[in-house]
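Asker: Next come a sequence and a model predicted from it.
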Amino acid sequence: MSAAPAWSLGPDHVLVTVRATPRGGRDAIDGLVVLGDGRPALKARVSAIAEDGKANEALARLLAKAAGIAPSRVELISGATGRTKSFRLAGDPQDIAARLAALTGASSRSD
């Protein structure tokens, strides 16, 4: 399956769309999902509850680990209170995209 990636590359970062499931029993990236508006998103679950930003912090740590970057280099851009979120992952965009692609089976390109 050659799904479109759920991320786009910037000069020094990657913007990634995430469909989050708080209280998902474990912290994991479960591949890609297509949102209702047709956009692809990274499907992620965290065991933390959606209270006081705990689930967002857990998602940031999960994305950092998946991307091979420090958690301090992950920034929530939008969707703080929703299930669909956008994160900015600062670092080498090609390396981050390749790591995300390896996890999801998507192409690392973002054309």
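Answerer: Arrived safely. For clarity, every value in this text was computed on a predicted model and none was experimentally measured.
Asker: show me what contacts Ala50?
Answerer: Shown in contact with Ala50 (Cβ atoms under 8 Å, 6 or more residues apart in numbering): Pro22, Arg23. Glycine gets a C-beta too; all of them are placed from N, C-alpha and C.
Asker: Try it again at 6 Å.
Answerer: Counting by Cβ atoms under 6 Å, 6 or more residues apart in numbering, Ala50 makes contact with Pro22.
Asker: Can you mark which positions in stretch 34-53 are buried?
Answerer: If you call a residue buried by 16 or more other Cβ atoms under 10 Å, then stretch 34-53 has these buried ones: Pro40, Ala41, Leu42, Lys43, Ala44, Arg45, Val46, Ala48, Ala50.
Asker: Then stretch 10-27?
Answerer: Neighbour counts using 16+ other Cβ under 10 Å place His13, Val14, Leu15, Val16, Thr17, Val18, Arg19, Ala20, Thr21, Pro22, Gly24 of stretch 10-27 among the buried residues.
Asker: which residues touch it?
Answerer: Stretch 10-27 has contacts (Cβ under 6 Å, 6+ apart) with 6-8, 33, 41-47, 49-50, 55, 59, 62, 83-90, 93, 96-97.
Asker: redo that, cut-off 7 Å
Answerer: Residues outside stretch 10-27 that contact it (Cβ atoms under 7 Å, 6 or more residues apart in numbering): 6-8, 33, 35, 39, 41-50, 55, 58-59, 62-63, 77, 83-91, 93, 96-97, 100.
Asker: could the buried residues of stretch 34-53 go into a markdown table alongside distance to Pro71?
Answerer: Listed next are the buried residues of stretch 34-53 as a markdown table, based on distance: Cβ to Cβ, whole Å:
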| residue | distance to Pro71 |
| --- | --- |
| Pro40 | 24 |
| Ala41 | 21 |
| Leu42 | 17 |
| Lys43 | 20 |
| Ala44 | 15 |
| Arg45 | 18 |
| Val46 | 13 |
| Ala48 | 14 |
| Ala50 | 19 |
